[in-house]
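Asks: give the three-dimensional model of this entry:
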Amino acid sequence: MFRFILFIILTININIQASTKVICELEGTYSITYEDVTKNFLAEGIDLFRNLAVQTQQSIFLLQKAKTNFAEEFWQKDPIAVTQYWEINKDDTMAKLNYVFEPAPIWINPEAKWVEKNSEKGIEILATMMPGDVHPVFNDYKVDLYRISNTVNWFTGKGRIDGDIWLSKTDGSKNKNPKVEIQASGKCSPQARKF
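Replies: So this is what the prediction gives:
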């Protein structure tokens, strides 16, 4: 009986240790504007993002087209550093993902719904909120578009984060409706303590 319990404990420990911990150190930009976009591009892009589990090239194109309606000087761009902490199972699925921003964008919702997409190239974790949802941190804003994509690539050893957060006032007033873009990329390596 004792050997059987010992075998079970060892099996559990082996299965727990079967995951790989990876750290990705990313650098990029955090951009924000409060300008309003032409409604037709925004409306078409939001309609295509309503089924957020399916992201098409057309929906990404429309989002990029809507963003180009803003002149470059309307975007306030600041450098950002992101550290992703991945824990990846033996079957190449995600066990856990945490990420830390420096400086931290206040518009991030840590409770956003997420889906995992696995491919031969790596893993993508897509965090989303539905259009019309009230932002949990800022109750006076509702979501027009919320998508944060974290990826790790098996072959290049690189990580990436892309985010678009577009909010509007719940009372329908114009002005001060934030549109945030986060883009960062960098190298990944096995996670190990340096100190």
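
Asks: nearest spatial neighbour of Glu102, chain-adjacent residues omitted?
Replies: Distances taken as C-beta to C-beta, 6 or more residues apart in numbering place Ala81 nearest to Glu102, at 4.5 Å, with adjacent residues excluded. C-betas here are computed from N, CA, C, even on glycine.

Asks: next secondary structure after the helix or strand where the one you found lies?
Replies: Ala81 is part of strand 76-88 when elements are defined by DSSP states H and E. For strand 76-88, the succeeding helix or strand toward the C-terminus, using DSSP H and E, is strand 94-102.

Asks: re earlier: elements contacting the strand holding Ala81?
Replies: On a contact count with 3 or more C-beta pairs under 8 Å, 6 or more residues apart in numbering; DSSP states H and E, strand 76-88 meets strand 20-33, strand 94-102, strand 141-153, strand 158-169, strand 179-190.

Asks: cutoff 7 Å now
Replies: Secondary-structure packing of strand 76-88 (3 or more C-beta pairs under 7 Å, 6 or more residues apart in numbering; DSSP states H and E): strand 20-33, strand 94-102, strand 179-190.

Asks: reformat those into JSON lines and put mean neighbour count next to each item.
Replies: Output for the helices and strands packed on strand 76-88, formatted as JSON lines (neighbours: other C-beta atoms under 10 Å):
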{"stretch": "strand 20-33", "mean neighbour count": "18"}
{"stretch": "strand 94-102", "mean neighbour count": "14"}
{"stretch": "strand 179-190", "mean neighbour count": "18"}
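
Asks: and these: which comes nearest Ile165?
Replies: strand 179-190 (4.2 Å; C-beta to C-beta).

Asks: what pairs with the closest one, parallel or antiparallel?
Replies: Applying DSSP bridges to the sheet, strand 179-190 is found paired with strand 20-33 (antiparallel), strand 158-169 (antiparallel).

Asks: give me the contacts around that strand.
Replies: Strand 179-190 is contacted by residues 21-33, 67, 80, 82, 105, 107, 152, 157-166 when judged by C-beta atoms under 7 Å, 6 or more residues apart in numbering.

Asks: tell me the mean pLDDT over that strand?
Replies: The average pLDDT within strand 179-190 is 94.
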